[in-house]
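Enquirer: when you get a sec, could you give me coordinates for this:
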Amino acid sequence: MSASAPFVSSFVVQRNGQPATAETLASLAFAGHAHFTAMQVRGGQVRGLDLHLARLRFASQTLFGRALPDDAVRAHLRSALTAGQGDLSLTATVYSPAGEFVVADAEPDVLIRTGPPANGPAGPLTLAAIEHERFLPSMKHVGEGAKTQLLRQAAAQGFDDAAFLDRHGRLGEASIWSLAFWDGEAVVWPEADILVGTTMGIVRRQLDRLGVPQRSQALRVADLPALAGAVVMNSWTPGVAVHRIGEVRLPPAPAFVDLLHRAYEAEPLVSP
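Expert: Sure thing, here's the model as predicted:
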């Protein structure tokens, strides 16, 4: 590195566009009333920025009764990206500075953390089928200790991760993943109360543009043998093959995985 080249780190933590300190982070460190979105940044740009901003707006309105303007959130994102390197992982967490167990009309704070880029596991994965329903399933909120505990439970049973069944036995999502299935002709999305992932949103709209059939369907473990493939997806990756859920084995379906990756990559990268 030359003497004139600035040091650029992939690990940045900023609160409202400024370097975060232990004092400013203390209220969040001991609290769990917050929500977030996670994204992969490539060359300082992201896919599905509109979906991330919409997610943050909706969750802030639900949790706090108010949301920051998109322009303010984008300014905080730009500040963190300027301080970090071109390719990285980024998490934006929104919380109230008033803390928990109070009802206060305070403007939310934005905590942004960056780190090295990620692409997800290679797969294929095995998923234990475990009954679990998330609180406020339409939001990506913090403080979900059950997900980590159920992941550990699945691993103790010899699985890679956990897929969740609701009280009606419907498959919905996995620990930190959205689920998607393939019937040989169409992409099948689970019909249940779930978080609609940003990667899911990107893939769905690009599949529409590609003319690929899609449908939503209530799926139970008993329905899986009739399907031709399954994946998990999240901000790391648009598709990692799943070859077993519970005791049901699924075909590897490499063409399905490739289709999802092509759809995701068709989404343009944009600057915050």
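
Enquirer: so residue 201 makes contact with residue 49?
Expert: No: taking contacts as CB atoms under 8 Å, residue 201 lies outside contact range of residue 49: 11.4 Å. Using the backbone N, CA and C atoms, a C-beta is placed for each residue, glycine as well.

Enquirer: so what's the backbone phi/psi at the closest residue to residue 43 other than its chain neighbours?
Expert: Closest residue to residue 43 apart from its sequence neighbours, by CB to CB, 6 or more residues apart in numbering: residue 86 at 4.9 Å. In terms of degrees, to the nearest 10, the main-chain angles of residue 86 are phi -70, psi -40.

Enquirer: what about residue 86, how many neighbours?
Expert: Residue neighbour count, defined by other CB atoms under 10 Å, stands at 13 for residue 86.

Enquirer: point out where the chain drops to low pLDDT.
Expert: 1-9 (pLDDT under 70).

Enquirer: ok, 80 please
Expert: When residues are selected by pLDDT under 80, those of the chain lie in 1-10, 27-31, 84-85, 104.

Enquirer: what residues go with each domain of it?
Expert: Domain ranges of the chain: 12-115, 125-267, per automatic domain parsing.

Enquirer: ranges for the strands of the stretch 101-250 of the chain?
Expert: Applying DSSP state E, counting those that start in this stretch to the stretch 101-250 of the chain gives strands spanning 109-115, 125-131, 161-165, 171-174, 178-182, 187-190, 214-217, 229-234, 237-245, 248-249.

Enquirer: quick check: longest helix of the protein.
Expert: The residue-count maximum for a helix in the chain (DSSP state H) belongs to helix 49-64.

Enquirer: and residue 228, what does it touch?
Expert: Residue 228 makes contacts with 182-184, 250-251, 253, 256, as judged by CB atoms under 8 Å, 6 or more residues apart in numbering.

Enquirer: next, format the strands of the stretch 101-250 of the chain as JSON lines and append distance to residue 153 and mean neighbour count.
Expert: Shown next, in JSON lines, are those (distance: least, CB to CB, whole Å; neighbours: other CB atoms under 10 Å):
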{"stretch": "strand 109-115", "distance to residue 153": "27", "mean neighbour count": "21"}
{"stretch": "strand 125-131", "distance to residue 153": "7", "mean neighbour count": "20"}
{"stretch": "strand 161-165", "distance to residue 153": "7", "mean neighbour count": "25"}
{"stretch": "strand 171-174", "distance to residue 153": "13", "mean neighbour count": "26"}
{"stretch": "strand 178-182", "distance to residue 153": "18", "mean neighbour count": "24"}
{"stretch": "strand 187-190", "distance to residue 153": "21", "mean neighbour count": "21"}
{"stretch": "strand 214-217", "distance to residue 153": "27", "mean neighbour count": "12"}
{"stretch": "strand 229-234", "distance to residue 153": "17", "mean neighbour count": "26"}
{"stretch": "strand 237-245", "distance to residue 153": "15", "mean neighbour count": "23"}
{"stretch": "strand 248-249", "distance to residue 153": "19", "mean neighbour count": "14"}
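
Enquirer: any chance of those strands in TSV, plus distance to residue 23?
Expert: Shown next, in TSV, are these (distance: least, CB to CB, whole Å):
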stretch	distance to residue 23
strand 109-115	13
strand 125-131	39
strand 161-165	37
strand 171-174	36
strand 178-182	37
strand 187-190	43
strand 214-217	46
strand 229-234	32
strand 237-245	36
strand 248-249	51
